[in-house]
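Participant: Sequence and predicted model, in that order:
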Amino acid sequence: MFFIKRIRENSIVFLVILGLLLLTIAVGLFAVEEAPRWVSELGKALMTISASSIFGGIIKLVFEIYQDEKSAKEREQNFKKELLDQLRNVFDRVDNARLLIEAHKSARTYGERMRFDIIPCITTLYDIKRSLVDTYAMAEMSKEKLGELRLNIHYMIAYLKALTNEYTIHYPTISHQQFLHEELKKRARDDFAYELTTHYPDKYFTDEFLTSEEIKNRIKRPPLWVWNAILDLEQMEHFIKDPYDGPYRKMFMDFYEPSKRILKGEPVPNKSAWYREEHMNEMRRIDQAVTNGELKKEDSLVTVLIGHLKQETAKIRDN
């Protein structure tokens with residue numbers, strides 16, 4: 001069984017050796033002087049078999065190389081598609097969180113979307129970042145493009161981490177404000193119901209009365225003190241309002257779109273306005289430190305990029 005297994009694993013080599021062996025025997029048979037006719041016929045047969053064995057081995061080799069290349073290409077395409085799907089999912093969840101926070105204007109939605117969307121998206125981006133390091137599936141991508149893709153992911157992580165840092169520091173206070181707001185809202189509800197039932201006992205629960213201008217004028221717009229506390233967070237404010245030159249576009253979307261293009265094999269027209277070559281150099285330095293076993297605790301590209309985000313955001317504020 002072991003011998004048969006070895007033959008199967010090295011079938012091409014076996015076929016070529018067998019072909020050469022049969023060819024040697026055939027040549028030897030032809031060299032026999034005054035040999036019977038059956039000897040020459042046997043030599044011809046062995047020559048035919050040897051040629052078939054040798055050429056069959058070559059054809060099998062070419063076919064296996066083709067199959068290996070095809071399989072490698074399919075693995076690369078599947079890997080890129082998986083990363084592309086993950087990136088799209090990250091963007092969809094982040095943008096959905098932004099829209100819901102703005103629509104609900106509450107600490108509850110702010111907290112839920114940070115916990116259930118933004119923070120999990122950071123984890124996904126870290127998974128993508130780790131997947132891009134020394135992966136066989138990206139072998140055909142140029143080193144330059146792979147470096148650009150990795151740095152783009154770092155920028156996106158840094159932006160979401162900045163949102164998370166604000167959430168970690170300020171959410172307890174904002175959550176307490178929301179709790180007090182809800183308690184006051186209950187009192188406002190009770191006072192409103194008491195006023196209507198006391199002054200309009202015969203019609204307070206009729207469509208005609210509840211849709212009248214008198215009721216509309218009595219319903220005041222709820223206070224936005226909790227919402228304003230959320231908008232006081234610098235990065236969250238830009239995230240929600242989404243100005244064209246704001247951090248959400250310049251530090252997240254402008255790196256998301258080129259990443260998609262790179263994975264789809266499309267050219268990237270321009271780098272983001274917030275891209276810096278020094279950040280690429282820092283990533284390469286950290287990579288070299290990892291290779292040499294010299295990585296230090298303070299070696300964090302994400303931390304560097306968060307500092308860059310704060311500097312660029314300050315420029316917007318000052319202008």
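Facilitator: Arrived safely, thanks for sending. Numbers count the residues shown, from 1 in each chain.

Participant: where exactly do the helices run in the chain?
Facilitator: 2-9, 11-30, 37-104, 107-113, 119-131, 143-199, 207-210, 213-218, 225-231, 234-241, 247-248, 254-263, 277-291, 301-318 (DSSP state H).

Participant: helices or strands up against the shortest one?
Facilitator: In this case it means helix 247-248. Packing partners of helix 247-248 (3 or more Cβ pairs under 8 Å, 6 or more residues apart in numbering; DSSP states H and E): helix 143-199, helix 234-241, helix 301-318. Using the backbone N, CA and C atoms, a C-beta is placed for each residue, glycine as well.

Participant: Just put the ones you listed in a markdown table and tack on mean neighbour count and mean pLDDT.
Facilitator: Converted to a markdown table, those look like this (neighbours: other Cβ atoms under 10 Å; pLDDT from 0 to 100):
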| stretch | mean neighbour count | mean pLDDT |
| --- | --- | --- |
| helix 143-199 | 16 | 94 |
| helix 234-241 | 19 | 96 |
| helix 301-318 | 15 | 94 |
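
Participant: Turn the ones you listed into CSV, including distance to Arg221.
Facilitator: Shown next, in CSV, are the helices and strands packed on helix 247-248 (distance: least, Cβ to Cβ, whole Å):
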stretch, distance to Arg221
helix 143-199, 12
helix 234-241, 19
helix 301-318, 28
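
Participant: that older thread, for Pro269, find the nearest of the helices of the chain.
Facilitator: helix 254-263 (8.6 Å; Cβ to Cβ).

Participant: name the helices or strands packed onto that closest one?
Facilitator: helix 37-104, helix 143-199.

Participant: What lies in contact with it?
Facilitator: 80, 83-84, 87-88, 90-91, 141, 145, 148-149, 152-153, 155-156, 267-268, 271-275 (Cβ atoms under 8 Å, 6 or more residues apart in numbering).

Participant: The same query, at a cut-off of 6 Å, please.
Facilitator: 80, 83-84, 87, 91, 145, 149, 152, 155-156, 268, 272 (Cβ atoms under 6 Å, 6 or more residues apart in numbering).
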